[in-house]
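1. Structure for the following, please:
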Amino acid sequence: MKKYGTILLTFLLALALISGCAGEKGDMDKTLVIYDGEFSEMQIIHQMVKMLVEEHTDLSVEIRDQMSPVNSYRSLVKGESDLMNSYDGTLLTTYLKLDVSDVPEGQSLYDFANEQAMAKDKTRLLKPLGHENTYAIGVTEALADEYGLNTISDLIKVAPELVFGAEHEFFGEEGSMKYGPFVDFYGLQFKDDKAIEMALKYSAVESGNIDVTIVYSTDGMNKKVGLKVLEDDLNFFAEYNDALLVRDDVFRRLEAEAPNLEEVLNRLAGQFTNESMTDLTYEVDVNGQTPEDVARDFLTQEGLIAS
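-> Okay, here's the model as predicted:
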């Protein structure tokens with residue numbers, strides 16, 4: 001009798017496990033998964049995706065804890081997430097490990113990156129969002145005035161007197177848009193270089209601990225600190241046009257619940273300029289608003305969601 005009881009208990013546990021897995025799979029067939037970004041711009045756009053999708057489809061959107069862009073892309077390729085905010089230049093140089101010089105003449109960086117991503121990883125960019133958030137080199141207005149700095153090439157003569165600082169990722173080896181290739185390309189020899197936490201970068205500039213840093217062209221902190229962005233006169237940095245990056249099978253997986261998913265996501269296409277995105281990130285980074293509130297206000301004002 002005890003033997004039969006053990007068999008029955010084992011059967012019930014197995015049945016519960018199977019039912020739980022089936023329920024979880026069913027839930028995932030109705031859920032779009034995103035790992036959040038480390039930058040306010042990415043966080044704002046991810047919130048916009050959540051609000052648009054949940055209002056205009058039967059899907060729910062789960063925004064999980066922040067990941068670095070490289071790890072987020074790996075999770076996308078592995079099928080652990082479905083979508084992330086990204087840039088065509090990042091896709092080409094960091095994730096695919098190609099270079100701007102690999103883009104065939106007559107083909108845009110965006111189209112080439114998409115073509116290569118589909119062939120290698122079955123990922124692709126949706127329509128561009130309208131703004132470009134490229135890498136740029138920033139210095140304080142006071143330093144620019146003191147040394148007459150307008151272009152990156154202007155730094156060559158004075159670099160031995162200056163300290164360069166940037167977040168750890170810029171000193172990494174994944175991708176060609178990094179510190180080593182950058183200083184080699186321009187022939188820059190700084191007095192020192194420092195890898196610092198992203199959250200401390202702008203205060204380090206303000207306190208004079210670093211003189212030159214890498215910035216993003218739509219970062220609201222540039223406006224707060226009063227940084228001057230130097231012209232990339234030799235065109236080292238790639239284009240970084242913002243777009244949603246998806247795993248290509250996501251639309252098939254979620255087709256039953258959201259046959260209009262791609263159309264809904266593309267409602268963000270062309271909605272931003274560099275100036276408008278800078279204003280949005282400024283609200284988060286400087287004025288202390290949440291990405292969720294900034295996203296909701298923008299979508300409501302543009303008539304993309306109900307007020």
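2. ok, which stretches of the stretch 1-150 of the chain are helices?
-> 2-28, 40-56, 69-78, 88-90, 109-121, 141-147 (DSSP state H, counting those that start in this stretch).
3. Worst mean pLDDT among these?
-> Between the helices of the stretch 1-150 of the chain, the one with the least mean pLDDT is helix 2-28; it has a mean of 52.
4. give the contact list for the residue most central in space within the chain.
-> Geometric centre of the chain, nearest residue: S86, 4.1 Å, by C-alpha atoms, centre = their mean. Counting by C-beta atoms under 8 Å, 6 or more residues apart in numbering, S86 makes contact with 69, 73, 125, 242-245. Glycine gets a C-beta too; all of them are placed from N, C-alpha and C.
5. buried stuff in stretch 136-152?
-> 136-140, 143-144, 147, 149, 152 (16 or more other C-beta atoms under 10 Å).
6. Quick one: end-to-end length of it, please.
-> 9 Å (C-alpha to C-alpha, to the nearest Å).
7. now it, how far from the centre of its chain.
-> Stretch 136-152 sits 27 Å away from the centroid of its parent chain (C-alpha atoms, centre = their mean, to the nearest Å).
8. Equivalent analysis for stretch 127-136, please.
-> 10 Å.
9. what comes up buried for it?
-> Taking 16+ other C-beta under 10 Å as the criterion, stretch 127-136 shows 128-136 as buried.
10. Just give the closest residue to D248, not the sequence neighbours.
-> Closest residue to D248 apart from its sequence neighbours, by C-beta to C-beta, 6 or more residues apart in numbering: K122 at 4.8 Å.
11. Low-confidence regions, the chain specifically.
-> For the chain, applying pLDDT under 70 flags the ranges 1-28, 174-176.
12. Strands of that one, start to end?
-> If DSSP state E is used as the criterion, the strands of the chain fall at 31-35, 60-64, 83-87, 123-125, 135-140, 163-167, 192-196, 212-216, 227-230, 242-247.
13. centre of the chain versus the third one, how much separation?
-> In terms of C-alpha atoms, centre = their mean, the centre of strand 83-87 is found 5 Å from the chain centre.
14. before we move on, back to that, just the strands of the chain: most buried one?
-> Most buried of the strands of the chain, by mean neighbour count (mean count of other C-beta atoms under 10 Å): strand 83-87, with a mean of 26.
15. Kindly export that one (C-alpha atoms) in PDB.
-> The C-alpha trace of strand 83-87 is given here as PDB (Å, rounded to 0.1, in the frame of the first residue of the first chain):
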ATOM      1  CA  LEU A  83      13.800  43.500 -27.600                       C
ATOM      2  CA  MET A  84      16.200  46.200 -26.600                       C
ATOM      3  CA  ASN A  85      16.900  49.800 -27.500                       C
ATOM      4  CA  SER A  86      20.100  50.100 -29.500                       C
ATOM      5  CA  TYR A  87      21.900  51.900 -32.300                       C
END
